[in-house]
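Visitor: The following block contains a protein sequence and its predicted model.
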Amino acid sequence: MALRPSLLPTARTAAVVFALAAGLTTASIVTGAPDGPGGSGGAGASARGQGGVRAVHPAAARYDQLSGDGLARQIDAMQTHLRGGPKDAESWAGLGSAYVEQARASGDPTRYPQADKAFARSLALQPRDNDVALAGRASLAAARHDFRGALRDADQALKVNSYSQGALAVRVDALVELGRYKDAYTAAEKADSLRPGIPVFTRLAYVRELRGDPAGARRVLLRAQDSATSPSDIAYVSTALGQLAWNQGEYGAARRAYATALRAVPDYLPALEGRGRTSVADGRQKAGIRDLEAVVRRYPLPAELAALGEAYEARGDRHTARGQYAVVDTWIALARANGVATDLDSALVAADHGDVREALKAARAEWDRRRTVHTADALAWALHRNGEDEAALGYAEHAAEPGYRNAAFLYHRGVIEKSLGDDGPARRHLRAALDLNPGFSPTGARAAKAALKELDPTR
């Protein structure tokens with residue numbers, strides 16, 4: 001559904017837009033001096049299929065693991081320490097890593113420069129054998145979507161300390177985002193043999209799911225669950241299990257996993273979002289909308305706004321849905337004005353609910369940075385929405401190559417094939433999408449059913 005340029009936001013939408021604008025434009029004003037310990041960080045975003053969570057990526061399920069007052073206090077303490085002892089290389093590296101974490105949690109990428117300068121200060125003080133700063137710099141590169149740089153820095157850190165859990169984890173992430181799934185699996189298995197633990201378990205599970213082994217992914221996540229003791233780790237791993245179950249259309253298992261997460265950490269946003277999506281998927285729209293509204297109040301980013309908009313559409317309230325999509329358009333404009341690249345989430349949302357040319361531009365830019373199945377799917381869908389179905393089909397086929405099965409991917413491929421007149425494959429992929437996860441998206445599932453009816457009106 002394209003948005004009318006003249007559509008005016010509602011009062012609630014305007015408030016969200018103001019909050020986004022404030023977050024994007026005032027961050028540098030409230031931070032400390034650029035060359036000293038001050039400030040916080042911004043975040044990379046996860047890619048999703050239409051209306052659904054992505055595979056169990058270790059970062060995607062952890063918006064606020066260390067965010068909020070606890071992380072701010074941690075940063076304040078390190079800043080105070082470094083003002084008294086500015087030659088502590090390890091503390092500078094720790095501060096840089098805290099900035100990256102705060103960046104990821106807050107969604108404010110104007111904070112990255114502070115992290116960059118903290119790592120540079122650490123490496124200037126200790127240029128040799130500084131694996132902590134190298135691993136931290138690798139995580140910063142990954143957050144900025146510089147995955148080749150992330151891989152380079154992770155490899156350098158591992159030459160210093162082959163057991164560095166941070167470097168091992170970022171190395172897996174970088175290989176995944178570069179589309180090197182075989183190498184990522186080898187790296188994840190090696191990391192598991194050297195430093196088993198939740199950061200490694202979740203990455204190994206992610207790679208297994210991407211390679212078409214959701215049962216293997218679940219076994220690894222159950223290992224992670226057995227080792228989780230803190231409330232935050234319990235919430236994190238349980239949410240990953242919920243996402244995995246949701247991707248397979250196992251709504252009961254997903255609800256139980258999200259309930260476990262929310263018992264451990266009440267109002268844990270990733271679990272709240274997952275529970276909301278699950279409720280909408282199985283027809284509990286009122287409960288689902290309530291959860292998604294709570295998420296958007298705290299985390300008004302494109303995928304979350306679109307999920308809420310589609311939930312409104314599912315209950316027949318298109319006017320309110322358009323208000324959510326209008327905020328997405330505003331978010332993209334604000335991000336661009338502040339030098340922030342729009343990502344896969346915003347590309348997919350724009351392809352369905354906004355400016356399709358902007359969607360294609362964003363998807364192509366992401367494809368230049370990373371060659372993942374998610375990028376291939378987003379580019380395929382954006383090309384389709386711009387009428388370029390021949391090119392779109394190649395990317396849709398690429399998205400299926402590792403064996404990953406995602407209902408949104410299947411739906412996108414089926415629609416593209418239908419547009420090309422390939423009725424047999426279109427029928428097969430549309431049915432597969434609905435069989436795998438019948439509620440993968442309120443609007444997408446409805447469109448898939450309509451497309452199938454057009455292909456086979458007798459059924």
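Guide: Received the coordinates, thanks.
Visitor: Tell me the buried residues in stretch 201-215?
Guide: Within stretch 201-215, the residues scored as buried using 16 or more other C-beta atoms under 10 Å are 201-211, 213-214. Heads up, the C-betas are built off the backbone N, CA and C, glycines and all.
Visitor: could I get those as a markdown table with pLDDT?
Guide: Formatted as a markdown table, those follow (pLDDT from 0 to 100):
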| residue | pLDDT |
| --- | --- |
| 201 | 94 |
| 202 | 94 |
| 203 | 94 |
| 204 | 95 |
| 205 | 96 |
| 206 | 95 |
| 207 | 95 |
| 208 | 95 |
| 209 | 95 |
| 210 | 94 |
| 211 | 93 |
| 213 | 95 |
| 214 | 96 |
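Visitor: Report all helices and strands that the longest helix anywhere in the chain contacts.
Guide: Secondary structure assigned by DSSP state H gives helix 318-337 as the longest helix of the chain. Packing partners of helix 318-337 (3 or more C-beta pairs under 8 Å, 6 or more residues apart in numbering; DSSP states H and E): helix 11-25, helix 302-314, helix 344-353.
Visitor: List the buried residues in it.
Guide: For helix 318-337, by 16+ other C-beta under 10 Å, it's 320-332, 334-335.
Visitor: and if you look at stretch 431-451?
Guide: Here stretch 431-451 shows 431-434, 436-437, 439-445, 447-448, 451 as buried, counting by 16+ other C-beta under 10 Å.
Visitor: Residue 294: which of these is nearest?
Guide: Lowest distance from residue 294 to the buried residues of stretch 431-451 (C-beta to C-beta) belongs to residue 442, with 18.1 Å.
Visitor: what's the closest non-adjacent residue to that closest one?
Guide: The spatial neighbour of residue 442 that comes closest, neighbours along the chain excluded (C-beta to C-beta, 6 or more residues apart in numbering), is residue 314 at 3.6 Å.
Visitor: Could you give the number of residues near that neighbour?
Guide: Close neighbours of residue 314, defined as other C-beta atoms under 10 Å, add up to 22.
Visitor: That one contacts residue 285, doesn't it?
Guide: Yes - counting by C-beta atoms under 8 Å, residue 285 is a contact partner of residue 314 at 5.7 Å.
Visitor: Would you mind grabbing the residues shared as contacts by these two?
Guide: Taking C-beta atoms under 8 Å, 6 or more residues apart in numbering as the contact rule, residue 314 and residue 285 have no neighbour in common.
Visitor: what's the spacing between stretch 238-254 and its chain's center?
Guide: Centre-to-centre, stretch 238-254 and its host chain are 16 Å apart (C-alpha atoms, centre = their mean, to the nearest Å).
Visitor: cool, and stretch 371-389?
Guide: With C-alpha atoms, centre = their mean, you get 17 Å for stretch 371-389.
Visitor: quick one: buried residues of it?
Guide: 371-386, 389.
Visitor: pLDDT on it, on average?
Guide: On average, the pLDDT along stretch 371-389 is 95.
Visitor: who's in contact with residue 386?
Guide: By C-beta under 8 Å, 6+ apart, the contact set of residue 386 is 356-357, 359-360.
Visitor: Out of these, name the ones that lie in helices.
Guide: Among these, DSSP H puts 356-357, 359-360 in helices.
Visitor: Adding distance to residue 104 and pLDDT, write those residues out as CSV.
Guide: Shown next, in CSV, are these (distance: C-beta to C-beta, whole Å; pLDDT from 0 to 100):
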residue, distance to residue 104, pLDDT
356, 29, 91
357, 29, 91
359, 24, 89
360, 27, 94
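Visitor: Most neighbours of all the residues you listed, which one?
Guide: Going by other C-beta under 10 Å, residue 359 tops the ones in helices among the contacts of residue 386 with 27 neighbours.
Visitor: Correct me if wrong: residue 170 contacts residue 140.
Guide: No - assessed by C-beta under 8 Å, residue 170 is found out of contact with residue 140, at 9.5 Å.
Visitor: Which one's more surrounded, those two?
Guide: residue 170 (31 against 25).
Visitor: Now do the helix or strand in which residue 261 is found, average pLDDT.
Guide: For residue 261, the host element (DSSP states H and E) is helix 251-264. Per-residue pLDDT over helix 251-264 has a mean of 97.
Visitor: Could you dump the ones in helices among the contacts of residue 386 into JSON lines and include distance to residue 197?
Guide: As requested, the ones in helices among the contacts of residue 386 are arranged in JSON lines below (distance: C-beta to C-beta, whole Å):
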{"residue": "356", "distance to residue 197": "43"}
{"residue": "357", "distance to residue 197": "44"}
{"residue": "359", "distance to residue 197": "38"}
{"residue": "360", "distance to residue 197": "40"}
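Visitor: out of these, who's nearest residue 165?
Guide: For these, the nearest to residue 165 is residue 359 (36.9 Å; C-beta to C-beta).
Visitor: contacting residues around that closest one?
Guide: Neighbours of residue 359 in contact, by C-beta under 8 Å, 6+ apart: 346-351, 381-382, 385-386.
Visitor: Repeat the analysis, applying 10 Å as the threshold.
Guide: 332, 342, 346-353, 378-379, 381-383, 385-386 (C-beta atoms under 10 Å, 6 or more residues apart in numbering).
Visitor: same check, this time on residue 139
Guide: 59, 96-97, 100-101, 103-104, 115, 119, 150, 153-154, 166-167, 169-170, 173-174.
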